[in-house]
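A.B. asks: How does the following fold in three dimensions:
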Amino acid sequence: MRIPLAVFLTIFASGRAEDYETEPSIYDDEPTSLEVISVKNDKASVAWKLPELVSNQTTKQRLMITIRPGSTSAGATTYSVFVKPHTRSYTFENLEGNTTYRASIEAFNDDRSIWYSSETLHTSLAALDWLAAPKDLTLIHKTNTTIELSCFCV
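C.D. replies: Down below sits the predicted model:
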């Protein structure tokens, strides 16, 4: 799916990329696609392997992360960044917690798109720094699928 650049609303996200002279070893036998490596409440790391023919022709790559419609955030926003042709991983930072995103990678030969892959991810609920840990935590009842606890919360 392609989204015209003119409709992007930029969120205040940032990230960092890692360059590789060769593909990461975790992909030796993996298919050529974007893979979500790790997700936290405010960041997500992705990695990918381009098909060999595409890799040899790639002059730049564009990474995007878009808040999915129906997520907890108001409005659809997108963060987009171009990375070097040999970059094979990236970490999106300053994301919103408890939000569903679509991360994508697109390879270009000059200004012509030659390859695309995307994956959906969901950030975890952010920790509440102002909420103290419960005290006197007691197990009331436990089954194979549920637990009932009692605690004193300040």
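
A.B. asks: show me where pLDDT drops low in the protein?
C.D. replies: Applying pLDDT under 70 to the chain picks out residues 1-31, 70-76, 129, 154.

A.B. asks: where along it do the strands fall?
C.D. replies: Assigned by DSSP state E, the strands in the chain fall at 14-19, 34-39, 44-48, 60-67, 78-83, 87-93, 100-109, 112-122, 135-142, 147-152.

A.B. asks: mind checking which of these is nearest residue 54?
C.D. replies: The closest of these to residue 54 is strand 112-122. By CB to CB, the value is 4.4 Å. In short, each C-beta sits where N, CA and C put it, glycine included.

A.B. asks: Please list the residues outside that closest one that contact it.
C.D. replies: 1-2, 32-36, 39, 44, 46, 48, 50-51, 54, 57-58, 68, 98-108 (CB atoms under 8 Å, 6 or more residues apart in numbering).

A.B. asks: same thing with stretch 46-54?
C.D. replies: Stretch 46-54 has contacts (CB under 8 Å, 6+ apart) with 23-24, 26-27, 30, 32-37, 58, 63, 88-92, 103, 105, 107, 114-115, 117, 119.
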